[in-house]
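Asks: requesting a structural model of the entry that follows:
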Amino acid sequence: MVSLAGDLKTPGNLIGVAGVIVAFTTWYLSQQTAEVSLKIVQIPVLNTGQVGPLSSSFTVFDNKGQRISTNIYAADIAIWNSGNIELGAAKIRRPLTAKFDGKVQILDRGIGPVTDPIAEVVASNPEETVTEIRWRYFDPGTGFHLRIIYASDKQQELMISANILGVKLQQYSEDRIGWKSLWKLFGMALLVLPLAVLFLIIPAKYLERQTYQGFK
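Replies: Numbering: from 1, shown residues only. Predicted structure coming up:
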């Protein structure tokens, strides 16, 4: 036992113990995931150009009575807290923003079903092509839909951005698999390697020494 205790005090073994501590800390922190996921689906609603299966023979007017002469599209953005940390209003540095890349005329926009009404999700429009989303509470697993109907010559790209303390925005697709964060894989690697050194290499050296001393 004295010999084993002496082995543990060697610089190499002390580094191994320190590595285990660092690995465990990294692994623990990697479990605290601050992540907001989203999925965007866009569909054509009306083709006013009289071309294709969605062409229409009637006229559409906006809420000002102006005739809409371009195509109409609908965008549905599903947004949810895919991490395990609450992301309340106090952590919002810049609200989640949905902005179209091209010229569009917004006909309607609003928040769809919210999984937890206590979240108090609201949408506003500081600019014609921009929609800002704020909430009071955003617990893990909570989600909602933002729905926008717009008129444009063609389907426009919708860009989502935000600045929420420590949060990573993750574009989600059905075929996405694997780790939510490379930190988890990195943390596990750091955890396994020092443990292997501590519990496999050191005991093997100790047993080899004891066996050698037994034959002397």
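Asks: helix, strand or coil: sort out the closest residue to residue 76 other than its chain neighbours for me.
Replies: Closest residue to residue 76 apart from its sequence neighbours, by CB to CB, 6 or more residues apart in numbering: residue 41 at 4.8 Å. Quick note: C-beta positions are derived from backbone N, CA and C, even for glycine. Following DSSP: H, G, I helix; E, B strand; the rest coil, residue 41 is assigned to strand.
Asks: surely residue 41 and residue 75 touch.
Replies: Yes: with contact defined as CB atoms under 8 Å, residue 41 reaches residue 75; the gap is 7.3 Å.
Asks: neighbour count: those two, which is higher?
Replies: residue 75 (21 against 10; other CB atoms under 10 Å).
Asks: could you give the mean pLDDT of stretch 72-87?
Replies: Taken as a whole, stretch 72-87 carries a mean pLDDT of 92.
Asks: over to stretch 117-128?
Replies: Mean predicted lDDT for stretch 117-128 stands at 92.
Asks: the nearest residue to residue 87 once chain neighbours are set aside and residue 88, how far apart?
Replies: Take residue 87 and drop its neighbours on the chain: the residue closest to it by CB to CB, 6+ apart is residue 138, 4.3 Å away. Distance, residue 138 to residue 88, by CB to CB, to the nearest Å: 6 Å.
Asks: same question for residue 126.
Replies: Residue 126 is 22 Å from residue 88, by CB to CB.
Asks: compare the two (neighbour count), which wins?
Replies: Between residue 126 and residue 88, counting by other CB under 10 Å, residue 88 is the more crowded of the two (15 against 9).
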